[in-house]
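Colleague: turn this into a structure:
(chains A and B)
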There are 2 protein chains.
Amino acid sequence: MQRMPEEDVGQIPRDLRSAWIVAIGTELALGQAQDTNSAWLAQRLAALGVRADRHVVVADELAAIRAVLSQAAAAGDLVLVTGGLGPTDDDVTRAALAKAAGVGLEEDAASVERLQAFFARRGREMPERNRVQALIPRTGLALPNQCGTAPGIHMLLEGTPCYVLPGVPFEMRAMYEAEVEPVVRAAAAGAVLRSRRLHTFGAGESDVGLKIRDLMARGRNPEVGTTAEIGVVSVRINARGRDAAEADGLLDEAEAEIRRRLGPLVYGRDSETLGGVVGERLVELGWTLSTAESCTGGLISQLLTDVPGSSRYFLGGLVTYSNALKTGLVGVDQALLMAHGAVSEPVAVAMADGAARVTGSDVAVSVTGVAGPGGGSVEKPVGLVFIGLHTCGACAPHAFRFGEDHPREVIRMRAARMALHLVRTSLPDPPAARPGR
Amino acid sequence: MQRMPEEDVGQIPRDLRSAWIVAIGTELALGQAQDTNSAWLAQRLAALGVRADRHVVVADELAAIRAVLSQAAAAGDLVLVTGGLGPTDDDVTRAALAKAAGVGLEEDAASVERLQAFFARRGREMPERNRVQALIPRTGLALPNQCGTAPGIHMLLEGTPCYVLPGVPFEMRAMYEAEVEPVVRAAAAGAVLRSRRLHTFGAGESDVGLKIRDLMARGRNPEVGTTAEIGVVSVRINARGRDAAEADGLLDEAEAEIRRRLGPLVYGRDSETLGGVVGERLVELGWTLSTAESCTGGLISQLLTDVPGSSRYFLGGLVTYSNALKTGLVGVDQALLMAHGAVSEPVAVAMADGAARVTGSDVAVSVTGVAGPGGGSVEKPVGLVFIGLHTCGACAPHAFRFGEDHPREVIRMRAARMALHLVRTSLPDPPAARPGR
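Modeller: The predicted structure is shown next:
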């Protein structure tokens, strides 16, 4: 039997409001790897009106994990745990959970079968080593893993429901969606917290904050705040209501007011990205796009193709990192490179024009700049970036100074986002005629 | 005066061993943004022998922050805090810190001057809104921010030294390096914890674990563990010693043994990346590389150009997302596309050959596949990827099934890393002659 009767492990309490999220792994505590699971889980919980009061990271150490689990179970209505379920000896979450509950571990027959089937699908026999993953605390339930080896665990800890999920992000996500979310959704039927984010590009955080300052006053519902990340200033709106409809109504009102004040600075909301928004506009217009990148090295085309279905409008990109390719691939005149250097307005223009010509796209955007940390000069310091924007048969250059004090990855991301921002704001409102070539 | 005398804020205790890291932000607690600061700080502390026992994330709420700060100060020898120092009304870290210490906030004249100078350098006047960032708890010290507006704060909390740093990652990093690390380094002179990671590609976590199982036994020094992330299995080694030399000696021994057992699976250590390692080999050989990407959409060239100085060997890349560009740019025969489809071995080979021909590179790698979530069929399911590797004038195709159950970004990253892995393992050991073209 795969599942014990529900009464044996307890229901999640109605009126569920607050959760603790615990991420386990020495590599996380030492900062050798980044915990992305907790943020993902917090977001999913928030959508159901459950607030993650604390996220805690703790190393693969039995006593420390046990202590954190007990503290979390005492403080939260729900505890979600990720990590430490692997097949190697440093994975002690199973044992720590059993200790915290004061029970032993037992092999779960259904989990062993699923492990064997997992390896069989890949044409291999299960390594004996993986059998340890089927050990489950006696009072717990094994949760099937649809896309990996580690089963999850569901059990009550000091009366609080506790779900332990694998640390591998996509396995964790699939298991959360199949095993945890339906139960949380059913339980979190009291007050609902709904969130929305509006993303802006083109103004600083304090400028954005000033335009919506009254909406950001403490204690209001919805609660409004801002965050900044490499040029993107996001406005988050959190609304509480008795149900989703009430909370969503508050969100709609706040969103409309914020959009009115911020105007075209707002490019999208929630999971919308600059790359995705540019894509939607291009689809509406029936236009196509190409790129010619130097210092961003393919980042713009990567941001564009992160979006499923981007082949409808993104023809392709040319990463002309060397001067020879700038000449050979996109036809930048060698004399232009000699006279102005690769990082210059005329070269940015020639790259964008060349990309449009070579690919036959309606719009083309190019970037050439000094991403650093080396390669800067007094005349052309680190952070100097030129963007060429070819649209409707004409090409305009744009120059930026992204700050010598910024690291390489920040300058590259800022340049790539700026390129997409320029494309977005240059596109006419649909419907429009396809431009002549 | 910029600084109060040191005795006024206290020294970090000698024999510093354990730190708490607190990240503040409603966007972090709700999972709307990812906290990368805590992992970075933990890594830097570990290098000095200071273990981050806990990382805690808490929302922008005065009472909650105050409680977490008090708990952290009681439990740790050192508390590092990031975030909530912005100019908008949702930034309450300054106030929470003052409350926790039971003192008021005062404007710091030096910080106001630095804020004004910051805006002046950008040709603007300081928005009045930013003045609030110069407020510092009365018993604290303002820490100058070299690349942003928010000053940091250093003060004692219940006798424990506490450093509050800005939430913007590169500002936080610069301030940590200038203001915090030197003090921690001087204080953490007792036991030293040194860490190293060896990165492998090409085998699963349990296979890697099996080869080094005895080294992973509990309680050993060094402590050895594994983690897996999209095809990369990393072995981390943490060694304790009386000083850095002793700890490093233990690391060297363990590294040599692990390398002996894992052989060519190991591609690098610590911050070394597949892209960087491939680059180093190419430099040693005097060879050049180009790419032709379809489903990875520029990700390979992005991983390559993440590395400063990559222009020495990376000529450029062609993102041939549309079939027309596969034909037009890299010369894939249209008949080939018709007969086999874009996702096929012959097209992968033709793309790599085309990239080498068009760019004149010694080595070229191509990827064509189905990244999903749409576009799969029974014959060519999501996760099917072909990689073409052109080297020494010949081209070999490689076929992979990365799993229909994997999300788009995982399939793309796995394909891009596999392409770099194939390039790496195909390169001859230097020194070698430059191949004929």
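Colleague: okay, CA-based contacts and neighbour counts for the rest of this
Modeller: Noted.
Colleague: for the stretch 251-400 of chain A, which segments count as helices?
Modeller: Counting by DSSP state H, counting those that start in this stretch, the stretch 251-400 of chain A has these helices, from start to end: A:274-285, A:299-305, A:323-328, A:334-340, A:345-359.
Colleague: tell me where the model's unsure across the stretch 301-437 of chain A.
Modeller: A:430-437 (pLDDT under 70).
Colleague: tell me which parts of it are close to chain B?
Modeller: Counting by CA under 8 Å from any CA of the partner chain, the residues of the stretch 301-437 of chain A lying close to chain B are A:301-302, A:305-306, A:308-309, A:311, A:314-322, A:325, A:328-329, A:358-359, A:372-374, A:405-409.
Colleague: give the buried subset of the residues you listed as a PyMOL selection command.
Modeller: Burial among these is assessed by 16 or more other CA atoms under 10 Å in any protein chain shown; the matching PyMOL selection reads:
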select buried, chain A and resi 301+302+305+306+309+311+314+315+316+317+318+319+320+321+322+325+329+358+359+372+373+405+406+408+409
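Colleague: name the residues of stretch A:155-167 that are buried.
Modeller: Of the residues in stretch A:155-167, those buried (16+ other CA under 10 Å) are A:155-157, A:159-167.
Colleague: okay, the helices of the stretch 251-400 of chain A in TSV with distance to B:L135 next?
Modeller: Below are the helices of the stretch 251-400 of chain A laid out as TSV (distance: least, CA to CA, whole Å):
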stretch	distance to B:L135
helix A:274-285	35
helix A:299-305	39
helix A:323-328	50
helix A:334-340	47
helix A:345-359	43
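Colleague: chain B contacts on the stretch 51-200 of chain A?
Modeller: A:51-59, A:87-90, A:127, A:129-130, A:147, A:168, A:170.
Colleague: now do the contacts for A:A371.
Modeller: Applying CA atoms under 8 Å, 6 or more residues apart in numbering or on different chains, we find A:A371 in contact with A:295-296, A:382-384, A:407-409, A:411-412.
Colleague: ok, and the closest non-adjacent residue to it?
Modeller: With CA to CA, 6 or more residues apart in numbering or on different chains as the criterion, A:A371 has its nearest non-adjacent residue at 5.2 Å, and that residue is A:R408.
Colleague: isn't the one you found right up against A:P373?
Modeller: Yes: in this structure A:R408 lies within contact range of A:P373 using CA atoms under 8 Å: 6.1 Å.
Colleague: identify the contacts common to the two.
Modeller: B:P308.
Colleague: may I see the PyMOL selection of the buried members of the residues of the stretch 51-200 of chain A next to chain B?
Modeller: Typed into PyMOL, the line below selects the buried ones among those, using 16+ other CA under 10 Å:
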select buried, chain A and resi 51+52+53+54+55+56+57+58+59+87+88+89+90+130+147+168+170
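Colleague: so which of the residues of the stretch 51-200 of chain A next to chain B are in helices?
Modeller: Among these, DSSP state H puts A:F170 in helices.
Colleague: next structured bit after the helix or strand hosting A:E113?
Modeller: Using DSSP states H and E, the element containing A:E113 is helix A:109-121. Using DSSP H and E, the helix or strand that follows helix A:109-121 in sequence is strand A:135-137.
Colleague: and that following strand, what does it pack onto?
Modeller: Packing partners of strand A:135-137 (3 or more CA pairs under 8 Å, 6 or more residues apart in numbering or on different chains; DSSP states H and E): helix A:93-101, strand A:105-107.
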